[in-house]
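>>> With the input below, show me the fold.
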Amino acid sequence: MRYAIVTDTYTPDLNGVALTLQTYVAGLRARGHAVEVIRPRPPGAPLSDDDGEASAVRVRGLRLPRYPSLRVGLPIQTRLQAAWRTQRPDAVYVATETLLGGSAIRAARALGIPVVTALHTRFDLYMADYGLRALAPLALAWMRRFHGSADATVVATQALAAWLQAQRIGHAVALPRAVDCAQFDPMRRDPALRAAWGLPPHGLAVIHVGRLAAEKNLPLAIHAFRMVQRQRPEARMVLVGDGPLRDTLAHAHPDLVFAGAQRGEALGRHFASADLFLFPSRSETFGNVVLEAMASGVPQVAFDLGAASEHLVDGLHGARIADDAHGEAAFVAAALRLAQDDAGRAAMAGAGRRAMQRLTPAQVAAELDALLAAPRARVVSVPVRQADRHAHRAA
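The predicted structure follows:
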């Protein structure tokens, strides 16, 4: 089979969508399929046809405000139609809801090629995070129009599939995510790295991994850490990642460790060297870092959304907090409770690791392959009542 993946972000970009797609491409190629990746040209890269990972078509793009390392691709419908007439893909997977993705959908539809879209980001929630709550209905309208023209829309959880159904957005198919348990492994714990963070041998390392941006709700994680620090003065907080808030946060909290963006083995080492992961985001459609923390043997505090909703068992792998009016206070209380319970965290670490060893990339690639081969056949109805806790966030 021959598949085309259209996206505005891909390796070497460092975000959940790019890393997920890299896993998809590797898995599909391992199954013997040809995969073409259509994406904006990375900064400084030539308009070549090979990115070292898969056959690639690089298109011109515009810089994304506040994220200078990312590009939004320009529409290329005519170019894609000409190329796909010559070398027709069996299916097109559109990963990002942009002008580039929209042009790919129109090109595929003009040629009668099956189209699968993916919903990785709740843009309606992001509007509120950036002070643009009034634009949330427009974001929902765009999502409805974009995904409605596809044969199927991939989401990472059953709850999100139900929310899409309730909102009449696309034809949802829940496709699980995988985690690389070789990259994210408790054995990567590094005493030298912990010492570089300023920790004594038995100190508590509290970590956050992700973009340093408004939608990640970082003030809550920092507040929870400050409360922990009152009880465990030796504790240190490590922020792994980069983003528009880095300078502001570093100026306000000079004692925190800003580790910057980490990749591959280095990211695995940072995760495994931590003792407690705080994930305060309330706008996640999934959150790969939830799985990565569990695979690394790091207990966590996260809201009952996305990956945490489907994979994090409260009290067994960490603390799963209700996404309600009392959520922030409960988040802080859970962080305090876990920070003081060294034996409990050790048990949670082992349980989380064992749970993640069942989510193999090969199994996910097989399910994606089946979806691309027959997208309409994979669409199923999800009980709308599962969407209730997500639907209220869109109001």
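
>>> Flag the shaky bits of the stretch 101-250 of the chain, pLDDT-wise.
The stretch 101-250 of the chain contains residues with pLDDT under 70 at 123-131.

>>> Would you map the strands across it?
In order along the chain, the stretch 101-250 of the chain carries the following strands (DSSP state E, counting those that start in this stretch): 115-118, 152-155, 172-174, 205-209, 236-240.

>>> Check the contact between residue 372 and residue 115; I expect there is one.
No. Using Cβ atoms under 8 Å, residue 372 is not in contact with residue 115, being 9.9 Å away. Glycine gets a C-beta too; all of them are placed from N, C-alpha and C.

>>> Check the contact lists of those two and give me the overlap.
The overlap between the contact sets of residue 372 and residue 115 (Cβ atoms under 8 Å, 6 or more residues apart in numbering) consists of residue 91.

>>> could I get the strands of the stretch 101-250 of the chain as TSV with distance to residue 367 and mean neighbour count?
TSV is the format used below for the strands of the stretch 101-250 of the chain (distance: least, Cβ to Cβ, whole Å; neighbours: other Cβ atoms under 10 Å):
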stretch	distance to residue 367	mean neighbour count
strand 115-118	12	28
strand 152-155	10	26
strand 172-174	9	23
strand 205-209	26	25
strand 236-240	30	23
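
>>> Need those strands in JSON lines (columns: distance to residue 283).
Formatted as JSON lines, the strands of the stretch 101-250 of the chain follow (distance: least, Cβ to Cβ, whole Å):
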{"stretch": "strand 115-118", "distance to residue 283": "17"}
{"stretch": "strand 152-155", "distance to residue 283": "15"}
{"stretch": "strand 172-174", "distance to residue 283": "19"}
{"stretch": "strand 205-209", "distance to residue 283": "15"}
{"stretch": "strand 236-240", "distance to residue 283": "18"}
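
>>> mind checking which of those is nearest residue 146?
Residue 146 lies closest to strand 115-118 among the strands of the stretch 101-250 of the chain, at 6.8 Å (Cβ to Cβ).

>>> Please save the CA atoms from the closest one in CSV.
Extracted C-alpha coordinates of strand 115-118, given in CSV (Å, rounded to 0.1, in the frame of the first residue of the first chain):
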residue,chain,number,x,y,z
VAL,A,115,-9.1,10.6,3.5
VAL,A,116,-8.5,10.2,7.3
THR,A,117,-8.0,13.3,9.4
ALA,A,118,-6.7,13.5,13.0
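
>>> Name the strands paired with that strand and say parallel or antiparallel.
Under the criterion DSSP bridges, strand 115-118 sits next to strand 91-94 (parallel), strand 152-155 (parallel) in its sheet.

>>> Tabulate those in TSV, adding columns for distance to residue 355.
Formatted as TSV, those follow (distance: least, Cβ to Cβ, whole Å):
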stretch	distance to residue 355
strand 91-94	28
strand 152-155	21
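
>>> Among those, which comes closest to residue 354?
Checking these against residue 354 by Cβ to Cβ gives strand 152-155 as the closest, at 25.8 Å.

>>> Give me the contact list for the closest one.
With Cβ under 8 Å, 6+ apart as the criterion, strand 152-155 contacts 93, 116-119, 147, 161, 164, 169-175, 285, 368, 371, 375-376, 378-379.

>>> The helix or strand containing residue 265: which residues count as buried?
Assessed by DSSP states H and E, residue 265 sits inside helix 264-272. Residues 266, 267, 268, 269, 270, 271, 272 are the ones in helix 264-272 that count as buried (16 or more other Cβ atoms under 10 Å).

>>> ok, the residues you listed vs residue 9, which is closest?
Nearest to residue 9 among the buried residues of helix 264-272, counting by Cβ to Cβ, is residue 267 at 17.1 Å.

>>> ok now do the closest one, which residues does it touch?
183, 209, 240, 292.

>>> same check, this time on residue 113
84, 88, 89, 90, 91, 92.

>>> Buried subset of the contacts of strand 152-155 as a PyMOL selection?
Buried members of these can be picked out in PyMOL with the line below, counting by 16+ other Cβ under 10 Å:
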select buried, resi 93+116+117+118+119+147+161+164+169+170+171+172+173+174+175+285+368+371+375+378+379
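
>>> Residue 89 reaches residue 35, doesn't it?
No. Contact criterion Cβ under 8 Å: residue 89 and residue 35 do not qualify, at 9.2 Å.

>>> Which neighbours do the two have in common?
With Cβ under 8 Å, 6+ apart, residue 89 and residue 35 have common neighbours 2, 3, 4.

>>> burial measure for the second one, as a count.
Spelled out, it's residue 3. 24 (other Cβ atoms under 10 Å).

>>> how about it, secondary structure?
Of the three states, residue 3 takes strand according to DSSP: H, G, I helix; E, B strand; the rest coil.

>>> isn't residue 14 right up against residue 266?
No. Counting by Cβ under 8 Å, residue 14 sits too far from residue 266 to count as a contact (11.4 Å).

>>> Report pLDDT for residue 387.
pLDDT for residue 387: 40.

>>> go on, residue 333?
98.

>>> what does the helix or strand containing it contact?
Using DSSP H and E, residue 333 sits within helix 327-340. By Cβ under 8 Å, 6+ apart, the surrounding residues in contact with helix 327-340 are 204, 206, 220, 223-225, 227-228, 231-232, 235, 276, 278, 280, 282, 299, 301, 303, 318-319, 321-322, 344-345, 348.

>>> List the buried residues for it?
327, 328, 330, 331, 332, 333, 334, 335, 336, 338, 339.

>>> which one among those residues gets closest to residue 309?
Distances from residue 309 to the buried residues of helix 327-340, taken as Cβ to Cβ, are shortest for residue 327 (13.3 Å).
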